[in-house]
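Student: Fold the following, please.
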Amino acid sequence: MINIKIGGPQAHVELQARRTLEGNLLIMDHDLIDIVLLPESSKLMAFPKSQSVEECYNTQTRLFDFLSDKGVIDRASIQGGNIFSSLEGIIPESKQANGMQAAVFVIAEFIADEADAMKTAETYEKNLEQYFTAPSDRDSTELGEVPQQAEKGAMVPGYYYIPLRYRM
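Tutor: Below is the predicted model:
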């Protein structure tokens, strides 16, 4: 666990992160992607944790959109990385703030937003599964309760609709 203080007492974030031997910062808080800050080249990269998840690319796209909307990543620099399924972008230099610290702060915001969204989606899926597997009395009927009729729906018995039958 790395604690990073940005600009003194202005902000404090806690992330599951570690430094690599090269001095890069690896942030692993997100469930679907890992985020790497490369201070030497002022670059940010995102990798999927698992190749089998379809949502990884969408999550990476949301991350880079979020970062570029906040002004941390140059939108024109976002591209596929040289590693399979990775995306990368350049953190522009700033005279007003440390770009790496700003990136860490905005990434922490993104991860918090994503955690809320993922929790909501997970709850929805759980409730949906419950709705289909064990519906309430209001959402279900007993087997004999539906009234039977000779004709039901749009298909009339004995009438076969053949669109090109009488065409010459």
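Student: Now the element after the helix or strand bottoming out on mean pLDDT in the chain, going C-ward?
Tutor: Lowest by mean pLDDT, DSSP states H and E among the helices and strands of the chain is strand 2-6, with a mean of 64. Next in sequence after strand 2-6, counting helices and strands by DSSP states H and E, comes strand 11-15.
Student: so what does that following strand touch, helix or strand wise?
Tutor: Packing partners of strand 11-15 (3 or more CB pairs under 8 Å, 6 or more residues apart in numbering; DSSP states H and E): strand 2-6, helix 99-133. C-betas here are computed from N, CA, C, even on glycine.
Student: mind putting the ones you listed in CSV, mean neighbour count and distance to N58 included?
Tutor: Below are the helices and strands packed on strand 11-15 laid out as CSV (neighbours: other CB atoms under 10 Å; distance: least, CB to CB, whole Å):
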stretch, mean neighbour count, distance to N58
strand 2-6, 13, 27
helix 99-133, 14, 11
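Student: Lowest average confidence across the ones you listed, which one?
Tutor: Among these, strand 2-6 carries the lowest mean pLDDT, a mean of 64.
Student: and the spatially most central residue of the chain, what helix or strand is that in?
Tutor: Per CA atoms, centre = their mean, the C-alpha nearest to the average position across the chain is that of T59, at 3.5 Å. Using DSSP H and E, T59 falls within helix 55-69.
Student: quick one: contacts of the following helix or strand past that helix?
Tutor: Moving toward the C-terminus from helix 55-69, the next helix or strand (DSSP H and E) is strand 79-80. Identification of contacts with strand 79-80 by CB atoms under 8 Å, 6 or more residues apart in numbering yields 86-89.
Student: Tabulate the helices and strands packed on strand 11-15 in a markdown table, adding columns for distance to V13.
Tutor: Converted to a markdown table, the helices and strands packed on strand 11-15 look like this (distance: least, CB to CB, whole Å):
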| stretch | distance to V13 |
| --- | --- |
| strand 2-6 | 6 |
| helix 99-133 | 4 |
